[in-house]
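S.K.: what's the 3D shape of this:
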Amino acid sequence: MSKQLIVETQELFNAIFKCCLEKTTGTFFVATEDNRSCQIVIEQGIVTSSSFSERRGFHAIIELQKLKTARFSFSKNLILPMDDSAKISDSVAVLKQLGFERFVVAEKKNHAIDLKTQRKAKAHRIYRGQPIYDTVNHTETQSDRSINNKGSITKKPVRMYRGQIVND
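M.R.: Sure thing, here's the model as predicted:
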C-alpha cells in the first residue's frame, strides 16, 4: 500500500483501518506538505505506537488528525522500533479518534459473542497448537463409548480430519 501523491488524510485513515481489520503487521510512513514526518506501527491489527514530529503515542494521532493532506506509504511486516513514550495502550481509542467508532463497536460486539461461544464450548483437542471447539450438540451413543483395559466404560475421543471434527 503506497501513495506517492498528496492525498486527503481520510484516505490514510481508511488504510490504517483496513490494516487493523485485516490483522496486518507493518509501519505507515507519513509525510506532510511542510515536510514533517509521522510513523504509525501496527502489529497484527493493533496500533501499538506512533510518533509525529515531537508528539508521541496517542498525542501523535490527535496531531495527525488535524492535517488535511499528506503522502503515505506502508511497509508490510516492518516494525519500526520506537521508545516507550510512543507506545499506545488502547488501539480501539485510536480507531475511534480517526472516526471508525461504529465499526469498532460492531467489531467488539462480534468479538464478545465469539468469546461467549468459546467459553460455552468444550475444547476436545489441540490441533497445531489451537484448541478445537465442538459447538455442535453431540449426543453420546453406544458407538461413542469403549471399554478400557480395566473393564470400565470410557468415552471415545473425537475423530479429527484436517483439523475438523468428523461426525459419523
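S.K.: please count neighbours and contacts with C-alpha atoms only from this point.
M.R.: Fine.
S.K.: model confidence score at Lys96, please.
M.R.: pLDDT, Lys96: 85.
S.K.: what of Leu21?
M.R.: Leu21 carries a pLDDT value of 87.
S.K.: how about the contacts made by the closest residue to it other than its chain neighbours?
M.R.: Leaving aside its sequence neighbours, Leu21 sits nearest to Gly45 (Cα to Cα, 6 or more residues apart in numbering; 6.3 Å). With contacts defined as Cα atoms under 8 Å, 6 or more residues apart in numbering, Gly45 is in contact with Cys19, Cys20, Leu21, Glu22, Lys23, Thr24, Thr25.
S.K.: any stretches of this structure with poor pLDDT?
M.R.: Across the chain, the ranges flagged by pLDDT under 70 are 1-4, 102-157, 168.
S.K.: could you show me where the helices are in it, in order?
M.R.: Using DSSP state H, the helices of the chain run over 9-21, 58-65, 91-97, 101-120.
S.K.: show me what the second one is packed up against.
M.R.: What it means is helix 58-65. In terms of contact count using 3 or more Cα pairs under 8 Å, 6 or more residues apart in numbering; DSSP states H and E, helix 58-65 is assigned the packing partners strand 46-52, helix 91-97.
S.K.: relative orientation of the first one and helix 58-65 in degrees?
M.R.: What that stands for is strand 46-52. Strand 46-52 and helix 58-65 are oriented at 70 degrees to each other (axes from the mean of the first three to the mean of the last three Cα atoms, to 10 degrees).
S.K.: for strand 46-52, which helices and strands make contact with it?
M.R.: Secondary-structure packing of strand 46-52 (3+ Cα pairs under 8 Å, 6+ apart): strand 37-43, helix 58-65, helix 91-97.
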